[in-house]
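Undergrad: next come a sequence and a model predicted from it.
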Amino acid sequence: MRLPLVALVCAALFSLACSKKEEGGTGSTAAKVTPEAEEVFTQRCSTCHGTDGKGSGPAAANLNPKPRDYTDSAWQGSVTDDALRTTIVKGGAAVGKSPLMPPNPDLESKPAVVDGLVAKIRSFKK
């Protein structure tokens, strides 16, 4: 009689653990690319990172260092979603990267947009 109860408790705990939203791992986020996030990416990010995420937007030619290539799977696996969120809102200098990556402080009050931008960045992973 104890075995079924233990199995039930284990199954419940497993189910709960698997359903938790990812807080900052390198896997896919639960967020979707919202229309507002898509618009922000098009207007602000693609200028340098390109519409294809390869870091080859029209402004990239004049930048040193070059913008991040979001299609680089090694980089995708090395960066957390939380690090991406911080970089998006606070800019490159805040995370020890290029100060040419500008901050977007207006997005700090829009976590759904920031999550959508993270999802957009993750969508470029090959």
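TA: Received, thanks. Residues are numbered from 1 along each chain as shown.
Undergrad: what about the helices in the chain?
TA: For the chain, helices defined by DSSP state H occupy the ranges 2-19, 35-40, 46-49, 73-78, 81-90, 111-123.
Undergrad: going by mean pLDDT, which of those comes out lowest?
TA: Mean pLDDT per stretch puts helix 2-19 lowest among the helices of the chain, at a mean of 40.
Undergrad: quick one: residues in contact with stretch 97-104.
TA: The list of residues contacting stretch 97-104 from outside it, by CB atoms under 8 Å, 6 or more residues apart in numbering, reads 40, 44, 48, 63, 65, 67-68, 87-94. Glycine gets a C-beta too; all of them are placed from N, C-alpha and C.
Undergrad: show me which pair in those residues is furthest apart.
TA: Within the contacts of stretch 97-104, two members stand farthest from each other by CB to CB: 40 and 65, at 22.6 Å.
Undergrad: tally of neighbours for residue 87?
TA: Summarising burial for residue 87: neighbours were counted as other CB atoms under 10 Å, giving 23.
Undergrad: list the contacts for residue 126?
TA: 71, 73.
Undergrad: contacts for stretch 44-55 next, please.
TA: 42, 56-60, 63, 66-71, 100-101, 104, 117, 120-121, 123-124.
Undergrad: gap between the two ends of it?
TA: This stretch, stretch 44-55, spans 13 Å end to end (CA to CA, to the nearest Å).
Undergrad: likewise stretch 93-104?
TA: 12 Å.
Undergrad: of the contacts of stretch 97-104, closest to residue 109?
TA: If you rank these by distance to residue 109 using CB to CB, residue 89 comes first, at 9.7 Å.
Undergrad: count of neighbours near the closest one?
TA: Using other CB under 10 Å, residue 89 has 19 neighbouring residues.
Undergrad: wait, it touches residue 111, no?
TA: No: judged on CB atoms under 8 Å, residue 89 makes no contact with residue 111 at a distance of 9.4 Å.
Undergrad: residue 40 and residue 65: who's more crowded?
TA: With other CB under 10 Å as the criterion, residue 40 and residue 65 differ in neighbour count, and residue 40 comes out ahead with 22 against 11.
Undergrad: that one touches residue 107, doesn't it?
TA: Yes: with contact defined as CB under 8 Å, residue 40 and residue 107 form a contacting pair (7.3 Å).
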